[in-house]
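[1] here are the coordinates; sequence isn't available:
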């Protein structure tokens with residue numbers, strides 16, 4: 001082996017949307033059957049072996065590389081194709097790089113579709129024929145967040161898990177659904193044949209809050225002590241972020257215009273809560289001095305917001321409702337997992353966000369929940385999507401936002417939740 005250093009290194013620009021400067025540090029000349037190994041700070045290794053006929057450009061894509069925590073992907077940039085090796089612990093950084101450079105994943109090369117079939121209890125497994133069918137029926141569309149085509153079958157349900165709400169589905173319809181996980185970004189997709197499109201116009205309230213008991217349920221939740229209230233923790237989290245944002249603006253010597261952005265441009269500041277339901281959250285934010293609007297497709301929830309909570313109530317679907325106005329804060333508290341296209345819904349919020357405004361999002365944390373098994377409420381029927389930390393970041397990016405303060409929490413109710421604040425790019 002011969003190493004020929006370049007001193008000083010040759011420095012040159014690369015990149016499409018963002019320019020990156022590389023340093024060419026030297027040349028390595030290998031004889032046939034000689035090898036060099038590149039190592040990272042984390043201990044990951046990548047070998048190149050010279051052969052008489054060419055090179056082993058990488059170690060085995062599905063054995064030695066994964067053992068060192070490296071994933072291999074075929075990636076396109078314009079008309080050019082590249083083989084990239086990615087540290088699994090840095091997938092978030094990798095997806096951000098792809099977005100910044102306008103690149104896309106063509107294929108993950110370290111795996112095929114690997115299916116792990118599990119029931120929601122040790123005594124409930126799908127039949128062999130059902131399992132064989134499922135192994136061939138994974139999601140046919142690439143992941144909407146990372147574009148990976150590879151999914152693993154994680155859970156199979158042939159009956160509702162304990163605690164799942166009994167929704168008014170088609171009478172006599174056999175219960176069967178599957179939870180698949182994207183092998184690129186870790187996002188979970190709930191596959192079934194049930195039609196949930198009209199669920200939130202009335203059926204959801206009927207099944208979840210027993211229809212006419214909205215007020216009683218609202219009062220019960222409002223009376224919870226702080227240490228037992230998910231909503232109290234949510235309000236505190238939001239107010240803490242806003243106060244820190246204002247302090248950062250002052251510390252950085254923001255001018256008058258920047259300060260007004262930091263501390264919002266209206267007094268009182270305005271909030272739109274999408275999918276408000278019981279309206280517990282707007283009620284608490286109203287106590288904090290916010291002017292609140294509760295948007296919900298169910299007319300009973302809207303009437304409840306106006307008559308019992310004392311906030312503005314709007315009936316409608318966020319994607320189709322006109323004349324919503326603009327707000328300093330828009331919140332999606334356990335909402336985006338209930339829609340088939342959460343990216344489009346989040347992207348629309350940009351139209352209703354004032355300059356300097358913030359979007360707050362809470363989503364079920366599938367990665368943590370999966371460690372406790374298929375019976376977790378995060379995987380219940382009504383969730384089209386269950387998120388990973390990576391798919392949460394990609395959700396923001398694809399909707400035109402920058403994700404701030406991503407956090408993984410265990411709520412007082414026991415829910416595993418991902419929280420994040422989004423600001424416009």
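    On my side now, so go ahead. These figures come from a predicted structure and were not determined experimentally.
[2] Run through the bridge partners of residue 72.
    residue 85 (DSSP bridges).
[3] what's near enough to touch it?
    Contacts for residue 72 (Cβ atoms under 8 Å, 6 or more residues apart in numbering) come out as 58, 61, 65, 83, 84, 85, 86, 108, 109, 110. (Glycine included, C-beta is placed from N, CA and C.)
[4] Let's have those in a markdown table, adding pLDDT.
    A markdown table is the format used below for the contacts of residue 72 (pLDDT from 0 to 100):
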| residue | pLDDT |
| --- | --- |
| 58 | 87 |
| 61 | 85 |
| 65 | 85 |
| 83 | 91 |
| 84 | 91 |
| 85 | 90 |
| 86 | 88 |
| 108 | 73 |
| 109 | 78 |
| 110 | 67 |
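[5] Relative to residue 15, which of those is nearest.
    Set against residue 15, the nearest of these by Cβ to Cβ is residue 84 (14.4 Å).
[6] Just give the nearest non-adjacent residue to residue 37, would you?
    residue 47 (5.0 Å; Cβ to Cβ, 6 or more residues apart in numbering).
[7] for residue 184, same thing?
    Nearest one to residue 184, counting by Cβ to Cβ, 6+ apart, is residue 148 at 2.8 Å.
[8] measure the one you found to residue 71 for me?
    In this structure, residue 148 and residue 71 are 10 Å apart, going by Cβ to Cβ, to the nearest Å.
[9] which residues do those two both contact?
    What both residue 148 and residue 71 touch, as defined by Cβ under 8 Å, 6+ apart, is the set residue 108.
[10] hey, what's residue 46 bridged with?
    With DSSP bridges as the rule, residue 46 is bridged to residue 38.
[11] Which residue ranges of the stretch 51-200 of the chain form helices?
    64-67, 91-101, 128-135 (DSSP state H, counting those that start in this stretch).
[12] Which helix or strand lies directly C-terminal to the one helix or strand residue 286 maps to?
    Using DSSP states H and E, residue 286 falls within helix 280-287. Once the chain leaves helix 280-287, the next helix or strand it forms, by DSSP H and E, is strand 291-296.
[13] elements contacting that next one?
    strand 270-274, helix 280-287, helix 299-304, strand 312-315 (3 or more Cβ pairs under 8 Å, 6 or more residues apart in numbering; DSSP states H and E).
[14] and of the contacts of residue 72, the nearest to residue 300?
    Using Cβ to Cβ, those come closest to residue 300 at residue 108, 46.3 Å.
[15] give me every residue that touches the closest one.
    Here residue 108 is in contact with 71, 72, 73, 148, 149, 150, 183, 184 (criterion: Cβ under 8 Å, 6+ apart).
[16] Tell me the bridge partners for it.
    residue 73.
[17] From residue 94, how far out is it?
    12 Å.
[18] Next: residue 184.
    Counting by Cβ to Cβ - residue 184 and residue 94 are separated by 10 Å.
[19] out of these two, which sits in the more crowded spot?
    Higher neighbour count among residue 184 and residue 94: residue 184, with 27 against 21, using other Cβ atoms under 10 Å.
[20] check contacts around the more buried one.
    Residue 184 neighbours (Cβ under 8 Å, 6+ apart): 91, 105, 108, 143, 146, 147, 148, 150.
[21] Any regions of the protein where pLDDT drops low?
    Within the chain, the stretches with pLDDT under 70 are 16-17, 110-140, 168-173, 197-212, 250-263, 265-266.
[22] so residue 9 is in which element?
    Going by DSSP H and E, residue 9 is part of strand 2-14.
[23] Same list, the contacts of residue 184, but as JSON lines with distance to residue 359 please.
    Compiled in JSON lines, the contacts of residue 184 are given as follows (distance: Cβ to Cβ, whole Å):
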{"residue": "91", "distance to residue 359": "23"}
{"residue": "105", "distance to residue 359": "27"}
{"residue": "108", "distance to residue 359": "30"}
{"residue": "143", "distance to residue 359": "22"}
{"residue": "146", "distance to residue 359": "21"}
{"residue": "147", "distance to residue 359": "24"}
{"residue": "148", "distance to residue 359": "26"}
{"residue": "150", "distance to residue 359": "30"}
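[24] out of the residues you listed, which is most surrounded?
    Ranked by the number of neighbours (other Cβ under 10 Å), those place residue 146 first, at 25 neighbours.
[25] pretty sure that residue contacts residue 394?
    Yes - with contact defined as Cβ atoms under 8 Å, residue 146 reaches residue 394; the gap is 5.9 Å.
[26] Identify the contacts common to those two.
    The contact lists of residue 146 and residue 394 share 95, 185, where a contact means Cβ under 8 Å, 6+ apart.
[27] who touches residue 383 in this structure?
    Going by Cβ under 8 Å, 6+ apart, the list of residues near residue 383 reads 190, 337, 338, 364.
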